[in-house]
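Undergrad: structure, please.
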Amino acid sequence: MHGRRTGAQGFTLVELLAVLAVVALAGSAVLLTQPGDGQQLVREGERFAARLQHAQEEAILGTRAIEVVAAAEGYRFNRQHFADWEPLRERPFGDIAWEQGTTPRLSRELPQVRFDFDPTGIAEPAELVLQRGDASVRVAVDAAGQVRLDALRD
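TA: Next up, the predicted model:
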């Protein structure tokens with residue numbers, strides 16, 4: 001009876017290492033599918049830039065000025081109605097909140113940034129920097145109404 005183990009049941013070291021390797025691979029696969037702060041921020045910046053371009057198109061097609069007002073909580077669209085501004089609520093417009101974790105870089109003096117497009121598509125130059133973790137992007141509109149998105153290096 002010298003080759004038999006009695007009552008000793010369990011896993012060998014090799015089996016435990018194999019299980020740990022499988023768990024580590026599964027964990028890294030999950031982490032790789034989760035977008036990082038930089039990727040999420042770029043996607044949100046791209047969405048904001050696309051909505052700015054859509055606002056410019058709406059100003060041209062509707063022959064009325066459109067403004068996009070970006071603040072700490074999100075951004076909204078307004079259409080000029082005579083001397084006043086009225087909220088633009090039709091799809092795809094309306095109030096849009098920033099994704100959780102994204103913050104615009106604003107100052108106390110300027111708690112919001114306005115992007116104005118006149119009926120010809122010309123714009124008042126403006127820019128907004130969005131931050132998420134260590135990542136930041138700048139969305140800028142020039143006088144011709146061209147919208148640009150740039151990743152910033154801190």
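Undergrad: which strands or helices does the helix ranked longest in the chain pack on?
TA: Secondary structure of the chain per DSSP state H: the longest helix is helix 37-62. When contacts are defined as 3 or more CB pairs under 8 Å, 6 or more residues apart in numbering; DSSP states H and E, helix 37-62 packs onto strand 66-71, strand 74-81, strand 112-117, strand 126-132, strand 135-141, strand 147-152. The C-beta positions use only the backbone N, C-alpha and C, and glycine is treated the same way.
Undergrad: could you give the mean pLDDT of the second one?
TA: Mean pLDDT, taken over the full extent of strand 74-81, equals 97.
Undergrad: on that earlier part again, of all the helices and strands packed on helix 37-62, which one is nearest residue 101?
TA: Closest to residue 101 of the helices and strands packed on helix 37-62 is strand 126-132 (CB to CB; 5.2 Å).
Undergrad: direction included, what does that closest one pair against?
TA: Neighbouring strands of strand 126-132 in its sheet, by DSSP bridges, are strand 103-104 (antiparallel), strand 135-141 (antiparallel).
Undergrad: residue contacts, the most centrally placed residue in the chain?
TA: For the chain, the residue sitting closest to the mean C-alpha position, by CA atoms, centre = their mean, is residue 44 at 1.8 Å. For residue 44, the contact set (CB atoms under 8 Å, 6 or more residues apart in numbering) comprises 98-99, 102, 130, 132.
Undergrad: quick one: buried ones out of these?
TA: 98, 102, 130, 132 (16 or more other CB atoms under 10 Å).
Undergrad: save these as JSON lines, and put in distance to residue 82 and pLDDT too.
TA: Below are these laid out as JSON lines (distance: CB to CB, whole Å; pLDDT from 0 to 100):
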{"residue": "98", "distance to residue 82": "31", "pLDDT": "97"}
{"residue": "102", "distance to residue 82": "35", "pLDDT": "96"}
{"residue": "130", "distance to residue 82": "33", "pLDDT": "97"}
{"residue": "132", "distance to residue 82": "39", "pLDDT": "94"}
